[in-house]
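Asks: below are the sequence and a predicted model for it; my questions follow.
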Amino acid sequence: MVNNTQTQTIDYAHLQDMVASSDTGGRNLAGPAKKLIVAVAILWSLFQLYYTSPLPFWLQEVIRSWGLDFNVVIDDTKARSVHLAFALFLAYLSFPAFAGSPKHRIPLPDWIFACLGAFLAAYYIFFYEGLVTRFGAPNTQDIIVGCFGILILLEACRRSLGLPLVIIAGIFLLYNYFGQFLPTDWIISHRSGSFSQIINQQWITTEGVFGVALGVSTKYVFLFVLFGALLDKAGAGNYFIKVAFAYLGHFSGGPAKAAVVSSALTGLVSGSSIANVVTTGTFTIPMMKRVGFTQEKAGAIEVASSVNGQIMPPVMGAAAFLMIEYVNMPYSQLITHAFLPALISYIALVYIVHLEAQKMGLKGLERTDPPSPFLLSLIKILANFLIICAVYFGLEFGLGWLKTAIPDFAFLIVLALLAIVYLALIRRVATFPDLEPDNPNTQIIKLPSAKPTVNAGLHFLLPVVVLMWCLMIERMSPGLSAFWGTVALTAILLTQRPLLSFFRGEKGCKIPLFKQGFQELLNGLEAGAMNMIGIGIATATAGIIVGVVSLTGFGVQLSGIIEMLSMGNILLMLILVAIFSLILGMGLPTTANYIVVSSLMALVIVEVGRQNGLIVPLIAVHLFVFYFGIMADVTPPVGLASFAAAAISGGSPIKTGIEAFFYSLRTAILPFLFIFNTDLLLIDVDWIKGTVVFITATIGILAFTAATMGYFFTRNRPWETLVLIIAAFMLFNPGFFMEKISPSERHILPVQLTQEIEKIAVGDKFKVKVSGLNPYGKEVIFYAELKVPEGNTGDDRIKALGLTLLDTGEMIDINNQSSNKIIIDNVEIDSPAADTGLNWDQVLLDVVLPQKALPKEITMIPALFLISFIAWNQRRRKQLLTLKKS
């Protein structure tokens, strides 16, 4: 089936306007005003590089060695002030106040607001000594500055992000003040909220606007956004797209599959869903239409794959860096937990595209390279994998030896080795022609050849490898890792063109080529800063909401409301949280959505889960919120990514958004699954079990996708769809059925705990159910999970947990049995017991110990059999239909 519709001519100017109005401002300036904005943006990028780099500490050591006494190291709070000052200044100069405001000049009020906003944001720096002296007791000047600062910030948020976040922040501020006047028996009443207290919390301290969210934007997010902008200016975006098309374009519906993979790769380059759609979509959407996809389906596939780029490690968008602060987890560990669901999600999206193509009978584009034998291709893949493993282990042991043997010269040697690798890659790249930027308006007959396409940009992988090495192996902070990746990328930008010309034997002066690279570097520094305006404003504004929650204890009150609405059912509560995220997604960008929902809902999910016997790791809850937060750019009717895709495809924006929303929801099943089965997040899982989890979960998501698409090898019958859903559930959560057959836990009376814990292996987990008062004085019943510590006797192990138990001698009814009442008489500070929320005077109601049981993985065998049976049945039916037609 071929689409004979004439290809639509793409209006690049209109698309760039869409990206600019959303990400970098809607003004189209020239002259001194434009030069000022560019200069300020570049200065912002240079400041962030300086702040994140080791340079301030090296300079400080030099200054001290000279006997001088002044500080060049910028502390985190001052850096946040500078960060917001830059964001507010550029926001007012770049974003017009209204749709009808002038776009080719900057009105005088905007100049005033820009300068005032920058001053108010930097107030902490100008009046540092006074603020430190009167900490917690703001004077009249502080209050006035805070009032104007909040108003200026909210107006900047309205211009750059729209009204929804402003309205939500305004409602929380009003609640903060007026909530104290509500009747005391109202569930949302509080007693914190004098005017000076609110302003002090929001603007003077680091508990509101200048809180954790803005700190993460300052410390981590900027460098990763800058890294992506520089990578794009170097030409990596076009390279990723071409590689994906070279390898996947010839398959059934190939351009759509290439769109999914290239969007995942471009997620390294662009932190913006809309920019991702425009970058990859201008090429992929016309190709999808050419092979037969409808306008809406082509746009929706691009939107779904571009938005999902935010969940793909190692970058994962701005929200991931907030997550490491909220969860208190190293970024390398977060990547480990997030990798498997993200990979499965993209596999499912590729499979959705495949099934759509099969249902419509679509073909791929004509390939250039002859097909390789399957065995030869497999050998090449294995050989490349073994080479990468050998290089990795060689580097890890070699660098480890260098650091031990010659620590003073290890850094210089590593730089020399990187330079040699870079020169070797550039020399190989020079033997292949440069990749030309594609014009999707021209008819493409054949796909690019794989070998020259891959080799034409091998050097682009070097800074990504440096970034990943620093993150995962050296365990550096995300900001410092991004800094070294950016340094490597800067060297590539400045030298790639002169070196390519040199290795190709081209004659002539290389200085113009170096100048071209320097200009691309400046463009990248500008683009990185301009892309950060919205994120900086969003994190600062969302900090208002976090500050209100912190000051009023609204999270605890909301916990009661959600518990009441969900009736204590964890699944119903998760559905409510998902719906809440989707509603917010209609107006908030992903970062703001995540901050709001996580600050309100994350601990609620954990607490309600504990009360119902489900111990949910905090990382699983935050990833759950994050996954639904990325729907912000998809959710109709506001999803801007859908409007950008529709502008390219010529389809209806609303229909495109609905289709994209439908595609994205197929992978949104994953957050519900890893809440109930944390194996998907590789929590406490070794590599063997991790491999099994990956294989079975992938098969499960493919079966679930086939069920919801109504097509496997041919169209499903109703009973086949039902069987596929059941089989998928058995693969995703094998313990659900196996617990009914062979329980892995047993219940004992609390009075038996000391005796029975002695028999359990060290490191095994057990749960205790207790009743008592929470930190806010409310009576609660919840479960706590503990690890069995080392100890010769049961008493030793109880003591190692930090617990002192007391038998009161009273009799109480536990699980329909009469038993002694056991209470917690003491909990040591910072002990394992204290970390789980156990406290004095809580009563033990139940103890749940592990016991030997059949492996839950046995459930996977009948599930795989059911899927295989459906596959065999459908293939047989398809062959019979083919024979009848022939």
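Replies: Yep, it's here. Numbers count the residues shown, from 1 in each chain.

Asks: residue 849 belongs to a strand?
Replies: Yes: the assignment for residue 849 is a strand, going by DSSP: H, G, I helix; E, B strand; the rest coil.

Asks: next up, the contacts around it.
Replies: 745-748, 756-757, 760, 766 (C-beta atoms under 8 Å, 6 or more residues apart in numbering). Quick note: C-beta positions are derived from backbone N, CA and C, even for glycine.

Asks: which of those fall in helices?
Replies: Using DSSP state H, the subset of the contacts of residue 849 located in helices is 756-757.

Asks: show me where the stretch 401-550 of the chain has helices.
Replies: For the stretch 401-550 of the chain, the helices defined by DSSP state H, counting those that start in this stretch cover 410-429, 450-455, 461-468, 478-503, 511-552.

Asks: quick revisit: ChimeraX command to pick out the buried ones of the contacts of residue 849?
Replies: Only the buried entries of the contacts of residue 849 go into this ChimeraX selection, using 16 or more other C-beta atoms under 10 Å:
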select :748,757,760,766
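
Asks: returning to that earlier point: rebuild the helices of the stretch 401-550 of the chain as JSON lines, extending it with mean neighbour count, distance to residue 236 and mean pLDDT.
Replies: As requested, the helices of the stretch 401-550 of the chain are arranged in JSON lines below (neighbours: other C-beta atoms under 10 Å; distance: least, C-beta to C-beta, whole Å; pLDDT from 0 to 100):
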{"stretch": "helix 410-429", "mean neighbour count": "15", "distance to residue 236": "13", "mean pLDDT": "91"}
{"stretch": "helix 450-455", "mean neighbour count": "16", "distance to residue 236": "13", "mean pLDDT": "89"}
{"stretch": "helix 461-468", "mean neighbour count": "20", "distance to residue 236": "8", "mean pLDDT": "88"}
{"stretch": "helix 478-503", "mean neighbour count": "22", "distance to residue 236": "9", "mean pLDDT": "93"}
{"stretch": "helix 511-552", "mean neighbour count": "23", "distance to residue 236": "11", "mean pLDDT": "91"}
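
Asks: so which of those helices is nearest residue 786?
Replies: helix 511-552 (29.0 Å; C-beta to C-beta).

Asks: just checking, next helix/strand downstream of that closest one?
Replies: For helix 511-552, the following helix or strand on the C-terminal side (DSSP states H and E) is helix 554-566.

Asks: can you give me the buried ones in that next one?
Replies: 554-559, 562-563, 566.

Asks: okay, the helices of the stretch 401-550 of the chain in JSON lines with distance to residue 152 next?
Replies: Listed next are the helices of the stretch 401-550 of the chain as JSON lines, based on distance: least, C-beta to C-beta, whole Å:
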{"stretch": "helix 410-429", "distance to residue 152": "44"}
{"stretch": "helix 450-455", "distance to residue 152": "49"}
{"stretch": "helix 461-468", "distance to residue 152": "35"}
{"stretch": "helix 478-503", "distance to residue 152": "27"}
{"stretch": "helix 511-552", "distance to residue 152": "11"}
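
Asks: out of those, which is closest to residue 249?
Replies: Once the helices of the stretch 401-550 of the chain are compared by C-beta to C-beta, helix 450-455 is nearest, at 10.0 Å.

Asks: distance between that closest one and the chain's centre?
Replies: 30 Å (C-alpha atoms, centre = their mean, to the nearest Å).

Asks: same question, stretch 56-64
Replies: 35 Å.

Asks: pull that stretch out as PDB, backbone CA atoms only.
Replies: Written as PDB, here are the backbone C-alpha positions of stretch 56-64 (Å, rounded to 0.1, in the frame of the first residue of the first chain):
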ATOM      1  CA  PRO A  56      37.000  27.900  41.100                       C
ATOM      2  CA  PHE A  57      38.700  25.500  43.500                       C
ATOM      3  CA  TRP A  58      41.900  25.400  41.600                       C
ATOM      4  CA  LEU A  59      41.900  29.300  41.400                       C
ATOM      5  CA  GLN A  60      41.200  29.400  45.200                       C
ATOM      6  CA  GLU A  61      44.200  27.300  45.900                       C
ATOM      7  CA  VAL A  62      46.400  29.500  43.700                       C
ATOM      8  CA  ILE A  63      45.100  32.700  45.400                       C
ATOM      9  CA  ARG A  64      45.800  31.300  48.800                       C
END
